[in-house]
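Q: I would like the atomic coordinates for the input below:
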Amino acid sequence: MSEKTLGVIGGVRSGRRHWSLVVTSERIIVANVGKAGLGAAFEVGGILMAKARAKRRTEKLSQQAPEAVLGAHKLNYDIPYAEVQSARMDDPDIVATGTLEMETATGKEAFSLTDEEGYPEHADLLRTALGETLQFD
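A: Modelled structure (predicted):
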């Protein structure tokens, strides 16, 4: 069976970057889609342009094969489901945005999911992908 993209979660922040999470049948691919905060402010056009560019890049990700997404930027990386030991997310029934935290064999990952309208759908997508590994607080 070949790997399939199940969905793309945009509006993800971690550190000083905008990311998108490409959720596939085998892993989550963390894809860099731009700078956030002050890093973006120093670019021509500032923060609003950086957010618009991140949104356009996120929309293109769903049209690409998972391997192409992984290789599209030097900062992109993947988190295979087999390596996820535990995952926690703020309950979408209680909050409009929240944090996804995952503990893997190699360390901890934390992402802020900032898309208020898509948060419940993103939680369902992650629940489908991660199964019982994902717990809601």
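
Q: Buried residues of stretch 78-85, list them for me.
A: By 16 or more other C-beta atoms under 10 Å, the buried positions in stretch 78-85 come out as 78-79, 81, 84. Yep, even glycine has a C-beta here, placed from its N, CA and C like the rest.

Q: mind listing which of those are in strands?
A: 78-79, 84 (DSSP state E).

Q: now the strands for this protein?
A: Going by DSSP E, the chain shows strands at 5-14, 17-24, 27-35, 77-80, 84-89, 98-104, 107-113, 134-136.

Q: Next, give phi and psi for Lys4.
A: phi -120, psi 140 (degrees, to the nearest 10).

Q: Adjust the sequence numbering to begin at 58 for everything that follows.
A: Renumbered: residue one is now 58, and that last one reads Lys61.

Q: Now for the nearest residue to it once chain neighbours are set aside: which residues touch it?
A: In space, and not counting its chain neighbours, Lys61 is closest to Ser82: 4.8 Å by C-beta to C-beta, 6 or more residues apart in numbering. Ser82 makes contacts with 58, 60-61, 63, 186, as judged by C-beta atoms under 8 Å, 6 or more residues apart in numbering.
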